[in-house]
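**Q** fold the following.
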Amino acid sequence: MSLIEIEKPRPHTTVIRMNRPETMNSMAFELMVPLAEAFDEVDEDNDTTCVILTGTGDGFCSGADTRHATAPPNIDGLTLTRIATKAMSTLSDLVPRMRHMNKPVIAAINGAAIGGGMCLTLGADIRIAAESAYFRAAGINNGLTANELGLSFLLPRAIGSSRAFEFMLSGRDLDAREAADIGLVSRSVPDEHLMREALDLADRINGWSTQGVALTKRLMWSGLETNSLQAAIDMETHTQLFIRLTTKNFEEATKARAEGRPPNFID
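**A** Reported below is the predicted structural model:
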């Protein structure tokens, strides 16, 4: 059984599925290392223009594996402090990897997203939750900090600082309905509709310019780190001009509307 399954159920959409349901897809290194490799593999696939990340079973990802913990790979000869650094670096690289993929990533959250598993959802560009899904910043429950894998940066930007403080400090669960209400996920859907909704959204995104979508994603992420309106406008202006002047996309969109058909963007 493969711990990471990669499939293409529809044209130009690749599904990456974490497949260790007996541990609710916990963040054991034997699952997370191939997940990182899957991100790189799919990013290099030029036929894929949208990615869906999901899990098998009742959990999206349950965070740290407290029962079947294994050491990170390639640690022979390392001291404990170097092993700890390597372990955290291996996991901490997952969210930046998702950010830098040249195609949108949709998290189809099929169940519990706990600790690092919740952080993983925030590396996606879009989040859709099954009604059975729930979230917990579990570090605080385990006597650690709630901050890991970029959560202290991403969560306040997703739901606001007051909600983020309350959620991270209380250690409480956040169900799918509340997650949708506060903007942590785009929407909550019945469990049996989750993958269809994610695939339909991917189809819609794939109907637009591949280059336009990729650069929109890049600027949206850059905007999270931009500290001035003028800097954001300057980035947007140059990117918009780049697409406008180096493709015939705008002309094709105008012609397609006049002819009552979907556009065919060839970038």
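**Q** can we go C-alpha only for contacts and neighbour counts from here?
**A** Fine.
**Q** now do the phi/psi pair for the residue nearest to K8 when sequence neighbours are not counted.
**A** Using Cα to Cα, 6 or more residues apart in numbering and skipping the chain neighbours, the partner closest in space to K8 is T14 (4.6 Å). Note on T14: backbone dihedrals following degrees, to the nearest 10 are phi -110, psi 130.
**Q** contacting residues around T14?
**A** 6-8, 42, 48, 50-52 (Cα atoms under 8 Å, 6 or more residues apart in numbering).
**Q** 10 Å instead, please
**A** 6-8, 42, 45, 47-53, 105, 199, 202 (Cα atoms under 10 Å, 6 or more residues apart in numbering).
**Q** centre of the chain to whatever helix or strand A108 lives in, how far?
**A** Using DSSP states H and E, the element containing A108 is strand 105-109. How far strand 105-109 lies from its chain's middle: 6 Å, per Cα atoms, centre = their mean, to the nearest Å.
**Q** equivalent analysis for stretch 165-174, please.
**A** Distance of stretch 165-174 from the chain centroid (Cα atoms, centre = their mean) equals 21 Å.
**Q** buried ones in that stretch?
**A** In terms of neighbour count (16 or more other Cα atoms under 10 Å), stretch 165-174 has its buried residues at 167-169, 171, 173-174.
**Q** which two in those residues are spaced the farthest apart?
**A** Farthest pair in the buried residues of stretch 165-174 (Cα to Cα) is L169 and L174. Separation: 12.8 Å.
**Q** mutual contacts of these two, please.
**A** Residues touching both L169 and L174 (Cα under 10 Å, 6+ apart): A137.
**Q** coming back round to it: just checking, what packs against the strand holding A108?
**A** Applying 3 or more Cα pairs under 10 Å, 6 or more residues apart in numbering; DSSP states H and E, one finds that strand 105-109 contacts strand 13-18, strand 50-55, strand 59-61, helix 116-122, strand 126-130, helix 194-206.
**Q** tell me the mean pLDDT over stretch 56-75?
**A** Throughout stretch 56-75, pLDDT has a mean value of 79.
**Q** and if you look at stretch 256-264?
**A** Throughout stretch 256-264, pLDDT has a mean value of 94.
**Q** tell me which residues in it are buried?
**A** Neighbour-count burial for stretch 256-264 flags P263 (criterion: 16+ other Cα under 10 Å).
**Q** just want the most central residue of the chain.
**A** The residue lying closest to the centre of the chain (Cα atoms, centre = their mean) is A124, at 1.6 Å.
**Q** hmm, F39 and that residue touching each other?
**A** No. Using Cα atoms under 10 Å, A124 makes no contact with F39, being 11.6 Å away.
**Q** returning to that earlier point: of all the helices and strands packed on strand 105-109, which one comes closest to R82?
**A** R82 sits nearest to helix 116-122 of all the helices and strands packed on strand 105-109, at 20.7 Å, using Cα to Cα.
**Q** please name every helix or strand in contact with that closest one.
**A** Packing partners of helix 116-122 (3+ Cα pairs under 10 Å, 6+ apart): strand 50-55, strand 59-61, helix 80-92, helix 94-100, strand 105-109, strand 112-114, strand 134-136, helix 151-159.
**Q** out of the ones you listed, deepest packed?
**A** The highest mean neighbour count among the helices and strands packed on helix 116-122, using mean count of other Cα atoms under 10 Å, belongs to strand 59-61: a mean of 32.
**Q** from the contact counts, what lies against that strand?
**A** strand 13-18, strand 50-55, strand 105-109, strand 112-114, helix 116-122, strand 134-136.
**Q** list the strands paired with the third one, with their directions.
**A** I take that to be strand 105-109. According to DSSP bridges, strand 105-109 forms sheet pairs with strand 50-55 (parallel), strand 126-130 (parallel).
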